[in-house]
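missing the sequence, but the structure's below:
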């Protein structure tokens, strides 16, 4: 598919290759026997990790990160090694179009178009060229493909250097029996995805593109990261990419202890997992970061992403209370409490 949109982005027709819940191997649906399994890139070194749950439970202590891997198709479905994450699922996509996919990774943003139940593929009028957006909006609600924004978790290349597979992590809000919220269409799709399912991706054809926001200045001597569960994929990709000699302090907020991931990085990274729901709102998160002791730094760089209200308060904290240069703070609102992505899109 070569239909172009605003350069350097284009559409990619993809298929699901594998799915699994993070934290375990009991949800693996292997690719068909003729599907190629490619080796993953492994990080080096190990980060120090800790989890904080306040009074909710005993602190959960992850161990040194094992090497990231592609699930072995021979692994029997139903086998367990440790509890799977109730909140996060990883879906691996492939397809001939990916040869033209280019990205430097980090917090690369993507747009995924998903089919409705009963559709064999998402309905997006790519044949309209630059007019696809208006044509897509004019489709009936029950026909128009579900559009959701995600970040790239990982990509793998073939021997010729072309992109062969990409991973996208989905947050499974509202799927548990005791969940107090209704699952959205993307969470439902990810929970039921099987190899061969078709999606459409709007992504980069140029590696260094404007949808990568993590851009620390060259003189950065400390990287500070905070993200909620929607920002965990991007934050993990960033941490794993940090080079040796980089000092980093990272806080990642997830609902359940099983959502904690072991990460490998060459950086001097201290990663704190904040485990528990966010019913206390941004105030609890703000209090945690206010109490944190950061190492001395002349030129710190801050990356914060997640719920818009929380992100704004944390930006004020780092700029107004800690004196970080506002130009060295990247802040991204991935979602807004009480609003769907469609409602956010209508607002602007």
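Everything's here; your move. Since this is a predicted model, take the numbers as computed values, not measurements.

mind listing the helices for the protein?
Remark: helices assigned in the chain by DSSP state H are 132-137, 185-192, 232-241, 282-291, 308-316, 341-347.

in the fourth one, which residues are buried?
It stands for helix 282-291. By neighbour count, and taking 16 or more other CB atoms under 10 Å as the criterion, the buried residues in helix 282-291 are 282, 284-286, 288-289. To be clear about C-beta, it is placed using only N, CA and C from the backbone, and glycine gets the same treatment.

most tightly packed of the helices of the chain?
helix 232-241 (a mean of 24; mean count of other CB atoms under 10 Å).

what mean pLDDT does that one get?
Per-residue confidence for helix 232-241 averages out to 96 on the pLDDT scale.

who does it touch, helix- and strand-wise?
Under the contact definition 3 or more CB pairs under 8 Å, 6 or more residues apart in numbering; DSSP states H and E, helix 232-241 sits against strand 146-157, strand 163-171, strand 222-227, strand 247-254, strand 300-307.

which of those sits closest to residue 88?
The closest approach between residue 88 and any of those, judged by CB to CB, belongs to strand 163-171 at 5.5 Å.

just checking, what packs against the closest one?
Using 3+ CB pairs under 8 Å, 6+ apart as the contact definition, the elements that strand 163-171 packs against are strand 88-94, strand 146-157, helix 185-192, helix 232-241.

out of the ones you listed, the one nearest residue 268 is which?
Each of the helices and strands packed on strand 163-171 has some distance to residue 268 by CB to CB; the shortest is helix 232-241, at 11.3 Å.

list of residues touching the closest one?
Residues outside helix 232-241 that contact it (CB atoms under 8 Å, 6 or more residues apart in numbering): 43, 47, 88, 105-108, 150-154, 168-169, 214, 225, 227, 248, 250, 252, 254, 259, 261, 263-265, 267, 269, 271, 303, 305.

now do it against strand 222-227, angle only.
If you take axes from the mean of the first three to the mean of the last three CA atoms, to 10 degrees, helix 232-241 sits at 160 degrees to strand 222-227.

run the chain-centre distance for helix 232-241.
Averaged C-alpha coordinates place helix 232-241 at 8 Å from its chain's average position (CA atoms, centre = their mean, to the nearest Å).

can the helices and strands packed on helix 232-241 go into a markdown table with extra columns for mean neighbour count?
As requested, the helices and strands packed on helix 232-241 are arranged in a markdown table below (neighbours: other CB atoms under 10 Å):
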| stretch | mean neighbour count |
| --- | --- |
| strand 146-157 | 21 |
| strand 163-171 | 23 |
| strand 222-227 | 25 |
| strand 247-254 | 23 |
| strand 300-307 | 25 |
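
okay if I get the helices of the chain as TSV plus distance to residue 101?
Below are the helices of the chain laid out as TSV (distance: least, CB to CB, whole Å):
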stretch	distance to residue 101
helix 132-137	18
helix 185-192	20
helix 232-241	15
helix 282-291	34
helix 308-316	28
helix 341-347	23
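
return the helix or strand in this structure with minimum mean pLDDT.
Counting by mean pLDDT, DSSP states H and E, the weakest-scoring helix or strand in the chain turns out to be strand 48-52, with a mean of 39.

residue contacts, the closest residue to residue 310 other than its chain neighbours?
Distances taken as CB to CB, 6 or more residues apart in numbering put residue 282 closest to residue 310, at 3.7 Å, once the chain neighbours are dropped. Taking CB under 8 Å, 6+ apart as the criterion, residue 282 is in contact with 307, 309-310, 313-314.

please apply the same query to residue 231.
Residues counted as contacts of residue 231 (CB under 8 Å, 6+ apart) are 151, 252, 305-306, 332, 334.

next, give phi and psi for it.
Reported as degrees, to the nearest 10, the phi and psi values for residue 231 are phi -100, psi 0.

now do the contacts for the residue lying closest to it once chain neighbours are set aside.
Distances taken as CB to CB, 6+ apart put residue 305 closest to residue 231, at 3.8 Å, once the chain neighbours are dropped. Listed by CB under 8 Å, 6+ apart, the contact set of residue 305 reads 107, 226-228, 230-231, 234-235, 311, 331-334.

do the same with residue 230
By CB under 8 Å, 6+ apart, residue 230 lies in contact with 171, 305-307, 334-335.

how about CSV for these, with pLDDT and distance to residue 208 added?
Listed next are the contacts of residue 230 as CSV, based on pLDDT from 0 to 100; distance: CB to CB, whole Å:
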residue, pLDDT, distance to residue 208
171, 88, 27
305, 95, 19
306, 93, 24
307, 92, 28
334, 88, 22
335, 80, 26
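
returning to that earlier point: so which of the helices and strands packed on helix 232-241 comes closest to residue 9?
Per CB to CB, nearest to residue 9 of the helices and strands packed on helix 232-241: strand 146-157, 12.8 Å.

tell me the contacts of the nearest residue to residue 297 once chain neighbours are set aside?
Here the nearest residue to residue 297 in space, its sequence neighbours aside, is residue 222; by CB to CB, 6+ apart that works out to 3.6 Å. The contact partners of residue 222, by CB under 8 Å, 6+ apart, come to 247-249, 294-295, 297, 299-301.

which single one of the residues you listed is nearest to residue 113?
residue 301 (33.2 Å).

a markdown table for the helices and strands packed on strand 163-171, including distance to residue 11?
Putting those into a markdown table (distance: least, CB to CB, whole Å) gives the following:
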| stretch | distance to residue 11 |
| --- | --- |
| strand 88-94 | 13 |
| strand 146-157 | 12 |
| helix 185-192 | 18 |
| helix 232-241 | 22 |
